[in-house]
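*Asks:* Here is my input, please return the structure:
(2 chains)
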Amino acid sequence: MLAIVRAELHARARSVAALAGGTFVLLLVLAGTYSAYGGEKALGKAFGSGHTPKLFSAFAGSSDANIFAPASYLSFGFTHPLFLVLALAGAVTVGVGAVAGDVESGRAELIYSLPVRRTLIFDARALAGAVAVITVVFAAVVGAEIGRLISSDLSNVSVWVPVRVAIQLLPLLALFAAVAFTSSAISRTRGEAMGLAVAAPAAAYLANVVSLLWSKASFVGTLDPFHYFQATTAATAVNAWDVGGLAAASIIVYLAGRSWIGRRDLA
Amino acid sequence: MTETALPLRASQLTKRFGDFTAVDGLDLVLAAGTVTGFLGPNGAGKSTTLRMAVGLISPTSGEVTLYGQPAALPSARKQLGYLPADPAFVARLSGVENLDMLAALHGQHGAVDRDEVASVLGLTRSEMIRPVRSLSSGMKQKLGLVAALQHRPDLIILDEPANRLDPLVHRSFCELLRSQAADGRTILLSSHVLGEVEDVCDRIALIKAGRLIRSSSVEAVRAEAQRRVTLRYDRPHPPPAVLADAQVTGDVVTGRIPAAHPEVVRQLVADPSLRDIEIEPASLEDVVLEMYVEGAHDAGNRQG
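*Replies:* Next comes the predicted model:
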């Protein structure tokens, strides 16, 4: 199993490093320039006449959070659309290639004819995917922490804020990674799997933002995975129920893909 | 020999893709230590059969076992070395890294024969440490052969192994196969290169339209082959009646005569105007091409 994990990570080292570099720089810049913008009051005035625009709050996964407050601002970086694109790319890349990529390229013929259970190969890829996601998120946490230290208005914010937000974020990424693995398990081509794996978080993100902005659509929120990642709330405390719920959903989706791979043709 | 000891046994193996039947009730047995050429025209179902044999795809009905265990079970594939028709590796990794990963997953024997096989195929260390994406298709094919043989498998299944090999390497590859066979390995070799099959295999299994139409020793097939014969007379001569597909060019008559019928030869040489007779050795190619052309309907599943 470790041989596959090692090979997978080796093969994807550059893309994971690039994504990790991206999240590191993004969070560093966002946090590090907080004071340069003038802090909470200046940002509030600049963007919303002293109040956080509802759209900004919605992007942060909340209907009313003041994202310009120091701790909320630091956590907002983890909901920034660009950050989510980078983190989700890390989450879905390994999953999408796990089965469909192998079948499409022909690698499946060498790998799955070995005397190894298919599910073991699937699990090894999932482990490699987990390492990739954790690396990307860890880089973001490091970037946020350094930005927090160099920004005088954020230096009083707890060192645990980025860590708590990252803990709240990981099961959400795990869920979309699981979607990617399951998409890959049921697809014949990488493109097909990628389509499913990208459409799921994009649609969920959009639906969550709409549900936060439009009260008539608020019922959508409870069904939406992004509803269970509220970064500004996580800045104060990790919501164990949300973490547990997303983790459970991830496991269920992953197991669905895992059971499918045992039955499908791999050539 | 007990059934469970058979390296490969396919029973009524059938695979359908929607309305299309790729393999249709195929029965195939490989006895230990045999080298079998798996032949058939394009689209006959060879690769589909091999993929079922290595557990990549599941039969619609029937079963295929390796050493008595269903091929779908990982433990059944412990002694298997498989080369797909178009071997693909992790492009960003080097050849050695790919081989290391595959060897690690084989466990038991790992890469015990890697250096020897690579050396025979002319794959150098400097080529193997390059990223696979930078290798030529011929080098990838060699790498695939190393991957299939490096762990010293008892059962070797090769799908079009001669693809992309240059003639020199191909000759070395045939020698390698003969040495593997001499060591008692069981080999199933799917190929369109009939010379290679004739050179290396002791049996052939011929498949057409998903059905096995012939399974017998190469010698038995050769023995049945019609011989090409060239007759030179001392003057223009009508073709003898016993000659099939006869063609006359001046005083030379060519055609074919049935195998194992010495009376036909006696009849030909009895003609006083015959100046010379030349009978070519039976070729597997002639028989196999004839079988490709013939319908599968009349052959049934003959075992010889």
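*Asks:* Can you tell me the element the closest residue to A:A247 other than its chain neighbours falls in?
*Replies:* Spatially, and ignoring its direct neighbours in sequence, A:A247 is nearest to A:P171 (4.5 Å; C-beta to C-beta, 6 or more residues apart in numbering or on different chains). Where C-beta positions appear, they are placed from N, C-alpha and C, glycine not excepted. Using DSSP states H and E, A:P171 sits in helix A:160-186.
*Asks:* can you tell me the average pLDDT over the following helix or strand past that helix?
*Replies:* Downstream of helix A:160-186, the first helix or strand assigned by DSSP H and E is helix A:190-213. Helix A:190-213 shows an average pLDDT of 92 in the prediction.
*Asks:* tilt between helix A:190-213 and helix A:160-186?
*Replies:* 140 degrees (axes from the mean of the first three to the mean of the last three C-alpha atoms, to 10 degrees).
*Asks:* so what secondary structure elements neighbour helix A:190-213?
*Replies:* helix A:54-59, helix A:81-96, helix A:160-186, helix A:218-221 (3 or more C-beta pairs under 8 Å, 6 or more residues apart in numbering or on different chains; DSSP states H and E).
*Asks:* starting at the chain centroid, how far to the helix or strand just after the second one?
*Replies:* Which is helix A:81-96. Using DSSP H and E, the helix or strand that follows helix A:81-96 in sequence is helix A:102-105. In this view, helix A:102-105 has its centroid 26 Å away from the chain centroid, taken as C-alpha atoms, centre = their mean, to the nearest Å.
*Asks:* What are the contacting residues of helix A:102-105?
*Replies:* Contact with helix A:102-105 is made by A:A108, A:I111, A:Y112, A:R188, A:T189, A:R190, A:L266, A:A267, B:A88, as judged by C-beta atoms under 8 Å, 6 or more residues apart in numbering or on different chains.
*Asks:* Out of the residues you listed, which end up buried?
*Replies:* For the contacts of helix A:102-105, a burial check counting by 16 or more other C-beta atoms under 10 Å in any protein chain shown picks out A:A108, A:I111, A:Y112, A:R190, A:L266, A:A267, B:A88.
*Asks:* Ramachandran angles for the fifth one?
*Replies:* For A:L266, the backbone dihedrals are phi -120, psi 30 (criterion: degrees, to the nearest 10).
*Asks:* Contacts only, for it.
*Replies:* With C-beta under 8 Å, 6+ apart, A:L266 has these contacts: A:V99, A:D102, A:V103, A:A108, A:E109, A:Y112, A:R118, B:L56, B:I57.
*Asks:* my guess is the fourth one is in a strand, correct?
*Replies:* Spelled out, that is A:A108. No - using DSSP: H, G, I helix; E, B strand; the rest coil, the secondary structure at A:A108 is helix, not a strand.
*Asks:* Could you measure from the closest residue to it other than its chain neighbours over to A:A249?
*Replies:* Leaving out its chain neighbours, the residue that sits closest to A:A108 by C-beta to C-beta, 6+ apart is A:D102, at 4.0 Å. Here the distance between A:D102 and A:A249 works out to 26 Å (C-beta to C-beta, to the nearest Å).
*Asks:* Of those two, which one has the most company?
*Replies:* Set A:D102 next to A:A249 and count neighbours by other C-beta atoms under 10 Å in any protein chain shown: A:D102 wins out with 23 against 18.
*Asks:* now, the most widely separated pair of the buried ones among the contacts of helix A:102-105?
*Replies:* Maximum pairwise distance in the buried ones among the contacts of helix A:102-105, criterion C-beta to C-beta, is 16.0 Å, between A:Y112 and A:R190.
*Asks:* Out of the contacts of helix A:102-105, the closest to B:L289 would be?
*Replies:* A:A267 (28.5 Å).
*Asks:* Quick check: the closest one touching A:A108?
*Replies:* Yes - in this structure, A:A267 is within contact of A:A108 by C-beta atoms under 8 Å, at 6.2 Å.
*Asks:* joint contacts of these two?
*Replies:* Here A:A267 and A:A108 share the contacting residues B:L56, scored by C-beta under 8 Å, 6+ apart.
*Asks:* Name the single longest helix found in the chain.
*Replies:* No chain in the question, so chain A it is. helix A:118-150 (DSSP state H).
*Asks:* not quite, I wanted chain B
*Replies:* Per DSSP H, chain B has its longest helix at helix B:167-182.
*Asks:* so how far is chain B from A:S218?
*Replies:* 45 Å (C-beta to the nearest C-beta, to the nearest Å).
*Asks:* One more: A:A130?
*Replies:* Counting by C-beta to the nearest C-beta, the separation of A:A130 from chain B is 19 Å.
*Asks:* Now residue 15: which helix or strand?
*Replies:* Picking chain A for this. Using DSSP H and E, the element containing A:S15 is helix A:2-32.
*Asks:* not what I meant, chain B
*Replies:* B:K15 belongs to strand B:8-17, assigned by DSSP H and E.
*Asks:* thinking again about what came up before, tell me the helices and strands packed up against the helix holding A:S15.
*Replies:* helix A:70-76, helix A:81-96, helix A:118-150, helix B:95-106.
*Asks:* Go again with 6 Å.
*Replies:* Applying 3 or more C-beta pairs under 6 Å, 6 or more residues apart in numbering or on different chains; DSSP states H and E, one finds that helix A:2-32 contacts helix A:81-96, helix A:118-150, helix B:95-106.
*Asks:* returning to what we had before: could you export the helices and strands packed on helix A:190-213 as TSV, including distance to B:A104?
*Replies:* Output for the helices and strands packed on helix A:190-213, formatted as TSV (distance: least, C-beta to C-beta, whole Å):
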stretch	distance to B:A104
helix A:54-59	45
helix A:81-96	19
helix A:160-186	22
helix A:218-221	47
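*Asks:* Would you mind measuring from whatever residue of the stretch 201-304 of chain B ends up closest to chain A to B:V242?
*Replies:* Closest contact between the stretch 201-304 of chain B and chain A, by C-beta to the nearest C-beta, is at B:G210 (16.2 Å). As judged by C-beta to C-beta, B:G210 and B:V242 stand 37 Å apart.
*Asks:* These two: which is more packed in?
*Replies:* When neighbours are counted by other C-beta under 10 Å, B:G210 and B:V242 differ, and B:G210 comes out ahead with 24 against 16.
*Asks:* For that one, which residues are in contact?
*Replies:* Contact analysis of B:G210 by C-beta atoms under 6 Å, 6 or more residues apart in numbering or on different chains lists B:T21, B:A22, B:V23, B:D24, B:G45.
*Asks:* Tell me if the fourth one really is in a strand.
*Replies:* Yes - under the criterion used here (three-state DSSP), B:D24 sits inside a strand.
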